[in-house]
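Visitor: Any chance you could fold what I've pasted below:
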Amino acid sequence: MQSKLSIHIISFLLILPWTSVKAQSFNEEKNALVNFVKRMYKVAPFEGAKLIEDADNKYFIAAITISKDSQNAATIATQKASQAAKETFAEPCVKFEMLESLKNESTGNTTYLFFCQPLTEFIKNTYKKVAFTGTKIIASPQIQYVISVVALKQSSNGSSALNDRVAEIKAKQQTSALFNGSNISSDVIIYTDTKTGNSNSTEVIRERTSGFAAGLQLLDKFQDAENLVYIYFRELTS
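Guide: Below you'll find the predicted structure:
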């Protein structure tokens, strides 16, 4: 019993410094980002959303100025940052982190600097932590998005175009199950020539779409350890 307890204590002592190092590394990276954005803003002030690049990275940034008399200034700034990002960037942003607030002593107004995380990056980071498929709703400060994630096993018989079409069908099926707006059925028939070993495939698709599932767009696709992962999305409108 004593030896087992000793092992647990040793394990804890080994884990604790590593956790501290990871936290320190994260904080240093965040501080570097904040300082970089502040320097860039002071050199070239702007209002709204903007893409800022350094040698290795791209940062989606928003700068929102709120008058000194505004109540709930931080909340209003976050909402305006979300709207500015939607109007400026080709890709949706869903996570807005306030980096800094800069007060103008002469006017009394405050400029809030935000880091905006693109939807693709947010989904990929979430997927890497815990792989998932299916349909989810993701909310930003003012906008909601529905995403449909499909993972396909790689097959030597399937062409890239066929995989893309199957992924699109599955994404619509998953979204349809949530919103009940589409009825899709499909069959993929693969014929193999036993003499040559070559394969041909025939796809039969029957789709009756109404409403939401028809508007899904392919956001990105990427390879994980075993699957080709597709991300589809659509903005939810009130």
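
Visitor: residue ranges of the strands in the chain, please?
Guide: With strands called from DSSP state E, the chain shows them at 48-53, 58-66, 93-103, 110-118, 134-139, 144-153, 182-192, 199-209, 217-223, 227-236.

Visitor: Can you add mean neighbour count, mean pLDDT and distance to Ser82 and give the ones you listed back as TSV?
Guide: For every residue, glycine as well, the C-beta is placed using N, CA and C. Formatted as TSV, those follow (neighbours: other CB atoms under 10 Å; pLDDT from 0 to 100; distance: least, CB to CB, whole Å):
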stretch	mean neighbour count	mean pLDDT	distance to Ser82
strand 48-53	16	91	9
strand 58-66	20	94	8
strand 93-103	18	91	6
strand 110-118	21	94	8
strand 134-139	15	90	10
strand 144-153	20	91	11
strand 182-192	13	54	29
strand 199-209	12	54	30
strand 217-223	14	93	18
strand 227-236	19	92	12
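
Visitor: okay if I get the ones you listed as JSON lines plus distance to Val166?
Guide: JSON lines is the format used below for those (distance: least, CB to CB, whole Å):
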{"stretch": "strand 48-53", "distance to Val166": "34"}
{"stretch": "strand 58-66", "distance to Val166": "32"}
{"stretch": "strand 93-103", "distance to Val166": "27"}
{"stretch": "strand 110-118", "distance to Val166": "26"}
{"stretch": "strand 134-139", "distance to Val166": "16"}
{"stretch": "strand 144-153", "distance to Val166": "7"}
{"stretch": "strand 182-192", "distance to Val166": "7"}
{"stretch": "strand 199-209", "distance to Val166": "8"}
{"stretch": "strand 217-223", "distance to Val166": "12"}
{"stretch": "strand 227-236", "distance to Val166": "9"}
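
Visitor: Which one, of these, ends up nearest to Ala161?
Guide: Nearest to Ala161, of all those, is strand 199-209, at 9.8 Å by CB to CB.

Visitor: Nearest residue to Tyr112 in space, please, no chain neighbours.
Guide: Excluding the flanking residues, the one nearest Tyr112 by CB to CB, 6 or more residues apart in numbering is Ala77, at 4.1 Å.

Visitor: what residues are up against the one you found?
Guide: Contact analysis of Ala77 by CB atoms under 8 Å, 6 or more residues apart in numbering lists Ile64, Ile66, Met98, Tyr112, Phe114.

Visitor: Let me see the contact set for the closest residue to Ile66 other than its chain neighbours.
Guide: Of all residues beyond its chain neighbours, the one nearest Ile66 is Ala73 (4.3 Å), with distances taken as CB to CB, 6+ apart. Neighbouring residues of Ala73 by CB under 8 Å, 6+ apart: Ile66, Thr110, Tyr112.

Visitor: thought the first one was touching Gln79?
Guide: Right, the one you point to is Ile66. No: in this structure, Ile66 is not within contact of Gln79 by CB atoms under 8 Å, at 10.7 Å.

Visitor: before we move on, the earlier item: tell me the pLDDT of the residue nearest to Tyr112.
Guide: Listed pLDDT for Ala77 reads 95.

Visitor: got it, and Asn72?
Guide: On the pLDDT scale, Asn72 is placed at 89.

Visitor: Now it, what are its backbone angles?
Guide: Phi and psi for Asn72, reported as degrees, to the nearest 10, are phi 50, psi 50.
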